[in-house]
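Chemist: structure of the sequence below:
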Amino acid sequence: MPDAAPTASRVLVVEDEPALAELVRSYLHHAGYAVRVVGTGPDALEAARVQEPDVVVLDLGLPGLDGIEVCRRLRTFSDCYVLMLTARTDELDTLIGLSVGADDYVTKPFRPRELLARIQVLLRRPREHGPDERSPGEGDPARAEEPARVVGALSVDVPGRQAKLDGRPVELTRTEFDLLAALTSRPGLAWSRRQLIDDVWDSAWVGDEHLVDVHVAHLRRKLGDDPANARYVVTVRGIGYRLGLG
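Modeler: Numbers count the residues shown, from 1 in each chain. Presented below is the predicted three-dimensional model:
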């Protein structure tokens with residue numbers, strides 16, 4: 001079996017079912033990714049520190065530490081994309097998983113092709129450091145010089161991927177920041193959930209569009225935004241969301 005290219009994106013698969021783990025590993029390997037597989041929560045954290053993966057495919061039910069706690073700890077030292085796998089269809093599990101920093105989720109049973117498509121969508125999104133390790137805006141001077149977008153007390157530096165509220169940095173996940181960047185890019189537009197998915201995830205993304213609502217809820221919480229009297233992310237009934245006036 002040929003080795004992955006040296007510049008291949010790194011995927012860490014955290015799955016305690018050996019047959020499923022091997023299936024996912026084989027499928028991703030043949031797609032050209034550098035894949036490592038571990039089966040416990042503690043091993044996942046250790047591997048993530050050593051490998052510095054681009055994407056972590058993270059099972060929710062794991063020995064040692066469950067996927068929720070692994071994701072929570074992972075977010076203290078890594079901004080890799082996290083795709084959760086869950087055999088549970090309970091909405092609460094999804095909400096908790098996304099609340100600790102997961103970017104997307106897939107419910108078991110799933111087809112390897114679906115998982116691969118979700119990973120490809122994540123890797124097409126903007127990154128602070130992509131596979132070629134370029135800096136934000138490198139190769140695009142106009143984008144690098146883009147001024148911060150200011151809405152009331154909120155400042156959004158898109159090239160630097162930093163948001164500040166009253167001059168203090170706001171710690172956002174990649175998905176939360178990308179949603180905020182989309183909304184501030186066209187302040188007068190009422191964005192539908194599908195439009196936000198196309199802009200933030202990818203037009204190829206397929207799944208429950210209410211995923212947007214969960215990430216918006218976390219974004220609002222971090223901005224101290226009251227949904228009933230929103231300053232920054234305003235609900236447009238029957239459509240989706242638009243940027244507030246601050």
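
Chemist: the residue most central in space within the chain and Leu154, how far apart?
Modeler: Geometric centre of the chain, nearest residue: Asp103, 2.9 Å, by Cα atoms, centre = their mean. Per Cβ to Cβ, to the nearest Å, Asp103 is found 22 Å from Leu154. Backbone N, C-alpha and C define where each C-beta goes, glycine included.

Chemist: next: Val212.
Modeler: In this view, Val212 and Leu154 are 19 Å apart by Cβ to Cβ.

Chemist: pLDDT weak spots in the protein?
Modeler: 1-7, 88-95, 97, 126-144 (pLDDT under 70).

Chemist: can you pull the domain assignment for it?
Modeler: What automatic domain parsing lists as the domains of the chain is 10-123, 144-243.

Chemist: for the shortest one, what is the distance to the chain centroid?
Modeler: In terms of Cα atoms, centre = their mean, to the nearest Å, the gap separating the centre of domain 144-243 from the centre of its chain is 13 Å.

Chemist: again with stretch 72-84
Modeler: Offset of stretch 72-84 from its chain centre (Cα atoms, centre = their mean): 9 Å.

Chemist: distance between the ends of that stretch?
Modeler: End-to-end distance of stretch 72-84 (Cα to Cα, to the nearest Å): 12 Å.

Chemist: ok, and what's touching that stretch?
Modeler: For stretch 72-84, the surrounding residues in contact (Cβ atoms under 8 Å, 6 or more residues apart in numbering) are 12, 44-45, 48-49, 52-60, 65, 67, 71, 97, 100-106, 115, 118-119, 122-123, 125, 128, 173-174.

Chemist: check which residues of that stretch are buried.
Modeler: 72-75, 78, 80-84 (16 or more other Cβ atoms under 10 Å).

Chemist: next: stretch 224-235.
Modeler: Buried residues in stretch 224-235, defined by neighbour count with 16+ other Cβ under 10 Å: 225, 230-235.

Chemist: from those residues, which land in strands?
Modeler: Among the buried residues of stretch 224-235, the ones falling in strands (DSSP state E) are 233-235.

Chemist: columns distance to Val158 on top of those residues, output as CSV?
Modeler: Formatted as CSV, these follow (distance: Cβ to Cβ, whole Å):
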residue, distance to Val158
Val233, 16
Val234, 20
Thr235, 23
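
Chemist: quick one: which of those residues is nearest Val24?
Modeler: Distance to Val24 across those (Cβ to Cβ) is lowest for Val233, with 35.0 Å.

Chemist: quick check: bridge partners of the closest one?
Modeler: For Val233, the beta-bridge partners are Leu243 (DSSP bridges).

Chemist: so what's it up against?
Modeler: 180, 183, 216, 219-220, 223, 225, 241, 243-244.

Chemist: what do you get for Leu189?
Modeler: If a contact means Cβ under 8 Å, 6+ apart, then Leu189 has Arg242 as its contacts.

Chemist: follow-up on the earlier one: in ChimeraX, select just the buried ones from the contacts of stretch 72-84.
Modeler: In ChimeraX, a selection of the buried entries from the contacts of stretch 72-84 looks like this (16+ other Cβ under 10 Å):
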select :12,44,45,48,53,54,55,56,57,58,59,60,65,67,71,97,100,101,102,103,104,105,106,115,118,119,122,123,125,173,174
